[in-house]
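> Next one to model:
(chains A and B)
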There are 2 protein chains.
Amino acid sequence: MLKLFWAPHTCALASHIALEEAGANYTLARVDFRANEQRKPSYLAINPKGRVPALVTDRGTLTETPAILAFVAQSFPKALLAPLEDPFAFAKMQAFNSYLCSTVHVAHAHRVRGYRWADDPAAIKEMQRKVPQTVGECFALIDEDMVAGPWVMGSAYTICDPYLFTLAQWLDGDGVDIARFPKVADHSRRMSERPAVAKAIAMELA
Amino acid sequence: MLKLFWAPHTCALASHIALEEAGANYTLARVDFRANEQRKPSYLAINPKGRVPALVTDRGTLTETPAILAFVAQSFPKALLAPLEDPFAFAKMQAFNSYLCSTVHVAHAHRVRGYRWADDPAAIKEMQRKVPQTVGECFALIDEDMVAGPWVMGSAYTICDPYLFTLAQWLDGDGVDIARFPKVADHSRRMSERPAVAKAIAMELA
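Numbering: from 1, shown residues only, chains lettered A, B, ... in the order given. From the prediction side, this is the model:
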């Protein structure tokens, strides 16, 4: 049995959707960020990084969205969530997810978690000011160069799709109009219509 | 034939070492950051993100260190650089590499590339001030919780090892004493003794 530790409005949604798409047998465990539960010893014993997502498996705990997504795709091959037999295509898919975690998510994080990289309130405010620009530049590049369409990798739906969908949810809060990115906007609309996506979101709202 | 676009003192060294370890047939192409070559149209045609590494293959170009590393491991399975038949072990390995790219490399980047997230010189200086703390905290966690020893994943050398080695090279410049992290320091020493590592470094210095 798999158990996904998650919190609302975090990138854990991508792993949650992937588990749904895979038809996995899993349970959810909500981590209460408002109570700072992610920094308490009981959660740090699960994930010493104090972040979500964390996926507890029979063999141990996995962290980091790109790793969890590839694990789900490899563990449920019948769901066809990744080109598992093609190292080049698999790497293209992983490159997209790596860009999301190391550049796009990081750009966004400077709005809400600037304290990670600075203590001075003026510096944190300056970081927040630049977020619409940096996040907007990331999504411009994604829209122009990375989304093959209709899904990220082209005709095949993969683990890139729930991850892009999840980070696109944050655009409005970051002060970036998704309408500037027609492929991303279309992608988000079609993602919302997928039963697995609707179910995952409903579970998180429940 | 594979062609690796790289620049000195960047994370491209990790992919370079992996290609050496794999016994791959490849060439190097240096990108001159001092001449801002990474932002010129000729390089943006290769990698629109304007960064290194980029690995040109017969099928197209791959970017992002974790993706390139997994591609090398999957493309040269005889080199035994990853647990390719074990999705859980593969995911543990990928989680480590994902942490390096999304958290450790990002913490370091606030010293030399703070302009990515702020324009105000005072804010950029404040980011630089905090780098020894944030990078130090990352490596403390790596040393305590992530390096199984003697290699990152335990007895098997994997694509985590050149990546950790590469980022550990930056500790001194970041104002962090590697001696605080005995496992990481020992790892760097043993990495330096590997012929593939010595050859990759010599090629970059040539």
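
> how is chain A carved up into domains?
Domains of chain A are assigned by automatic domain parsing as A:2-80+A:198-205, A:87-194.

> Columns mean pLDDT, distance to chain B and mean neighbour count on top of the ones you listed, output as a markdown table?
Backbone N, C-alpha and C define where each C-beta goes, glycine included. Putting these into a markdown table (pLDDT from 0 to 100; distance: least, Cβ to the nearest Cβ, whole Å; neighbours: other Cβ atoms under 10 Å in any protein chain shown) gives the following:
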| stretch | mean pLDDT | distance to chain B | mean neighbour count |
| --- | --- | --- | --- |
| domain A:2-80+A:198-205 | 97 | 4 | 19 |
| domain A:87-194 | 98 | 4 | 20 |
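
> TSV for those domains, including distance to residue B:203?
Converted to TSV, the domains of chain A look like this (distance: least, Cβ to Cβ, whole Å):
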stretch	distance to residue B:203
domain A:2-80+A:198-205	29
domain A:87-194	23
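
> what's the closest non-adjacent residue to residue A:10?
Leaving aside its sequence neighbours, residue A:10 sits nearest to residue A:52 (Cβ to Cβ, 6 or more residues apart in numbering or on different chains; 5.3 Å).

> Show the contacting residues for that neighbour.
Shown in contact with residue A:52 (Cβ atoms under 8 Å, 6 or more residues apart in numbering or on different chains): A:5-7, A:10-12, A:31, A:38.

> try 7 Å this time
Neighbour list for residue A:52: A:5-7, A:10, A:12, A:31, A:38 [criterion: Cβ atoms under 7 Å, 6 or more residues apart in numbering or on different chains].

> go on, residue A:153?
A:92-93, A:160.

> go again using 8 Å as the cut-off
The contact partners of residue A:153, by Cβ under 8 Å, 6+ apart, come to A:83, A:89, A:92-93, A:96, A:160.

> what do you get for residue A:129?
Contact analysis of residue A:129 by Cβ under 8 Å, 6+ apart lists residue B:118.

> Just give me the longest helix of chain A.
helix A:121-141 (DSSP state H).

> tell me what the next helix or strand after that helix is packed against?
With elements assigned by DSSP states H and E, the helix or strand that comes after helix A:121-141 is helix A:160-168. For helix A:160-168, the elements it packs on are helix A:12-22, helix A:65-75, helix A:87-99, helix A:182-192, judged by 3 or more Cβ pairs under 8 Å, 6 or more residues apart in numbering or on different chains; DSSP states H and E.

> So for residue B:77, which of those sits nearest?
Residue B:77 lies closest to helix A:87-99 among those, at 9.3 Å (Cβ to Cβ).

> for the closest one, packing partners?
helix A:65-75, helix A:160-168, strand B:60-63, helix B:65-75.

> CA atoms only: put stretch A:125-143 into PDB for me.
Extracted C-alpha coordinates of stretch A:125-143, given in PDB (Å, rounded to 0.1, in the frame of the first residue of the first chain):
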ATOM      1  CA  LYS A 125       9.900  41.900  -0.700                       C
ATOM      2  CA  GLU A 126      12.200  42.600  -3.700                       C
ATOM      3  CA  MET A 127      12.200  38.900  -4.500                       C
ATOM      4  CA  GLN A 128       8.400  38.900  -4.400                       C
ATOM      5  CA  ARG A 129       8.300  41.900  -6.700                       C
ATOM      6  CA  LYS A 130      10.200  40.100  -9.400                       C
ATOM      7  CA  VAL A 131       8.200  36.800  -9.300                       C
ATOM      8  CA  PRO A 132       5.600  37.800 -12.000                       C
ATOM      9  CA  GLN A 133       8.500  38.500 -14.400                       C
ATOM     10  CA  THR A 134      10.500  35.300 -13.600                       C
ATOM     11  CA  VAL A 135       7.500  33.000 -13.600                       C
ATOM     12  CA  GLY A 136       6.200  34.600 -16.700                       C
ATOM     13  CA  GLU A 137       9.500  34.100 -18.500                       C
ATOM     14  CA  CYS A 138       9.500  30.400 -17.500                       C
ATOM     15  CA  PHE A 139       5.900  29.900 -18.800                       C
ATOM     16  CA  ALA A 140       6.700  31.800 -22.000                       C
ATOM     17  CA  LEU A 141       9.500  29.300 -22.700                       C
ATOM     18  CA  ILE A 142       7.300  26.400 -21.800                       C
ATOM     19  CA  ASP A 143       4.600  27.600 -24.100                       C
END
